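Enquirer: fold the following and give me the result.
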Amino acid sequence: MDARCYAVSQALDGVGGDDGAIVRQRTVYRLTLVKAWNVDELKAYAELIALGRPDFVEVKGVTYCGESSASSLTMANVPWHPEVVTFAQQLADLLPDYAVVLN
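Expert: Modelled structure (predicted):
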């Protein structure tokens, strides 16, 4: 896993087995942070997560792959490691059922 990836995870409950019980699929939301595009949307992301209640939320920084006519991204849009960690912690602070797990 990329060193800039962090998971905000929720404890799993009710995962079934082979006894015929309904097995709930685990879900994940993946957030890719892009400076000057979406890093200011913290509360909106928290609202979506609270609504969807995914089991995991992965927060990562965008990877710059060079110049392209299809994208206006530059290295200035890539968040630094501490910025991704801070975003993930602030997101978890808004969501009492979640915590930051660094991998």
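
Enquirer: please count neighbours and contacts with C-alpha atoms only from this point.
Expert: Fine.

Enquirer: show me what contacts the residue lying closest to L73 once chain neighbours are set aside?
Expert: Distances taken as Cα to Cα, 6 or more residues apart in numbering place Y64 nearest to L73, at 7.2 Å, with adjacent residues excluded. Neighbour list for Y64: 73-75, 78 [criterion: Cα atoms under 8 Å, 6 or more residues apart in numbering].

Enquirer: how about JSON lines for the residues you listed, with neighbour count added?
Expert: JSON lines is the format used below for these (neighbours: other Cα atoms under 10 Å):
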{"residue": "L73", "neighbour count": "20"}
{"residue": "T74", "neighbour count": "14"}
{"residue": "M75", "neighbour count": "13"}
{"residue": "V78", "neighbour count": "19"}
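
Enquirer: mind listing the helices for this structure?
Expert: 42-52, 81-94 (DSSP state H).

Enquirer: which one of the ones you listed lies closest to T32?
Expert: helix 81-94 (9.5 Å; Cα to Cα).

Enquirer: what's the angle from the closest one to helix 42-52?
Expert: Counting by axes from the mean of the first three to the mean of the last three Cα atoms, to 10 degrees, helix 81-94 lies at 50 degrees to helix 42-52.
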